[in-house]
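S.K.: coords please:
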Amino acid sequence: MEQMNIARLKKCMRRAIQGEELTIGFFGGSITQDCAATVHENSYAYRVFQWWEKTFPKAECHYVNGGIGGTTSHFGVSRVISDMLMYQPDMVVIDFSVNDEADEFFQETYEGLLRRILAWDSRPAVLILNNVFYDTGENAQEYHNAIGDHYCVPHVSIRDTLYQKMRSGMYTREELTGDGLHPNDKGHKLVAEEIITFLEQVQADMDESEGSEQTQMNQEIKTELPVPVTANAYEHAKRLTIHEISPGLSGFRPDSDEKCGHLDIFKNGWIGKRAGERITFEITASCIAVQYRKSVVKPALRAKLTLDNDTEHVWILDGNFEEDWGDCLYLEPILHHGAKCNHHIDIEIMDDGLEATVPFYLVSLIVA
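M.R.: Have a look, this model is predicted:
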C-alpha cells in the first residue's frame, strides 16, 4: 500500500518510455489555470507537461487543464468528472491549498475529491501540490497532506521548498509574485521545477526488480481505498444546473446562452432581475450548497434563501463582490451533514430600494 501511488506514477513513466499515449492533467484554482503568467505556456502546469514531452519523446502526451480561479475542492469534487476525469487521465496534479480554508470542512471535501480521482477507471497517478501565500506562508497543506498521507499520495509543498528559499534570501517576494499569491513567469517556472525535481527522483528510482508491469497493474486493480479519514460525505457530490434539474420558477428564467468550455463559468444557471422573483427546489440530500455570482459591478441584486420553510434562519445571498479581481463564483453551504431527506429551498430576490445594475445569477446547486 505504501508504494501504490508511486507505482502508478512509475507505470506512467514506463508506458511513456514505450511510446504509448498519456494524458497529463492539472486540477485546481487560479494558479493552475495560469493566473499572472504572461502566456499559458509559462504556467507551472504547462511547463510540467512539457517535461513529460521532452523526457519521453516517443510518447504521445495529451494535456488537460481543469483550473478555475477562485474555486475550492468543494466545487472541485462536484465538477471533476466533467472537467478532468472524462478525459481518462493517467496523471493528475491537484492544487487547492491556497483556495481551501485550513479546516475540517475542506479536509472532507478534499478527501472526497482525492478518492474520486484515485478510484477512477483510468487509475491515474496523483500528485498533491501545495501552493502558498508568499506574504504569510499560509495554506491548507496540513489538512490536505494528512489526507494524502492516508492514501500514500505524494505531495510537493511550495511552502516547504520555494517559499523557504525566498525567506532565506535566495529570492525576493517581488521576483516570484506580484500580489503575494499568484506566481509571475519566474515564479511559475520555479514551481514547475519543484514538481519536476520530484518527478526526476521517481524516474531515477525506477527499478525493474519491482516486478513486471502486468503484475503491478493487477495489484493496483485489486487494491481498495482505505477507510476514509473524515465522514466523507462529498465523494459523490453532484452539481445541478439547468441540465440536471427543473426548479419551480416565478420570475426567474433559465440562462439560454450556450456554455463554451469549463472556464465559461456564468452559464447554465438561472437569472432573477426584479424584487419578488422566486425560484424553488426540491432536493434529497444531506449536504447542500448554493453557487451564485458575486459581481464587481455594483449595485447587484441580493436574494434571500430559506431552507425547509424555516423563516427564522435565512441566508442572504449578496451579489456584490468586495474584491476587484473579477466576478466570483461563490459557493455558500446551507446544509452540512444534515438529514438525508427531501429538502425545500426557496430563493427570493430582495427589495433593497435600489435600481440594481446587475441581476442575480444563480449558477448551480451542489449536493451530496
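S.K.: use CA for all of it now, contacts and neighbours both
M.R.: Noted.
S.K.: Where is the longest helix in the protein?
M.R.: Ranked by residue count, the top helix of the chain under DSSP state H comes out as helix 185-205.
S.K.: Pull that one out as CSV, backbone CA atoms only.
M.R.: Taking C-alpha atoms only, helix 185-205 is exported to CSV below (Å, rounded to 0.1, in the frame of the first residue of the first chain):
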residue,chain,number,x,y,z
ASP,A,185,6.5,33.9,-15.0
LYS,A,186,9.6,33.3,-12.9
GLY,A,187,7.5,32.0,-10.0
HIS,A,188,5.6,29.6,-12.2
LYS,A,189,8.9,28.3,-13.6
LEU,A,190,10.3,27.7,-10.1
VAL,A,191,7.1,26.0,-9.0
ALA,A,192,7.4,23.7,-12.0
GLU,A,193,11.0,23.0,-11.2
GLU,A,194,10.0,21.8,-7.7
ILE,A,195,7.5,19.3,-9.3
ILE,A,196,10.0,18.3,-11.9
THR,A,197,12.6,17.6,-9.3
PHE,A,198,10.2,15.2,-7.6
LEU,A,199,9.3,13.5,-11.0
GLU,A,200,13.0,13.1,-11.8
GLN,A,201,13.5,11.4,-8.4
VAL,A,202,10.8,9.0,-9.2
GLN,A,203,12.3,8.4,-12.6
ALA,A,204,15.7,7.7,-11.1
ASP,A,205,14.2,5.3,-8.6
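S.K.: by contact count, what packs against it?
M.R.: Judged by 3 or more C-alpha pairs under 8 Å, 6 or more residues apart in numbering; DSSP states H and E, the packing partners of helix 185-205 are helix 4-17, helix 44-55, strand 155-157, helix 162-167, helix 173-176.
S.K.: now stretch 326-337: how far from the chain's centre is it?
M.R.: 14 Å (C-alpha atoms, centre = their mean, to the nearest Å).
S.K.: residue contacts, the residue nearest to residue 277 when sequence neighbours are not counted?
M.R.: Using C-alpha to C-alpha, 6 or more residues apart in numbering and skipping the chain neighbours, the partner closest in space to residue 277 is residue 251 (4.7 Å). Counting by C-alpha atoms under 8 Å, 6 or more residues apart in numbering, residue 251 makes contact with 272, 273, 274, 277, 278, 279.
S.K.: for residue 133, same thing?
M.R.: Residues near residue 133 by C-alpha under 8 Å, 6+ apart: 98, 139, 180, 181.
S.K.: what stretches of the chain score poorly on pLDDT?
M.R.: Counting by pLDDT under 70, the chain contains low-confidence ranges at 1-4, 207-223.
S.K.: Mind doing that once more with 80?
M.R.: 1-5, 207-223, 354-356 (pLDDT under 80).
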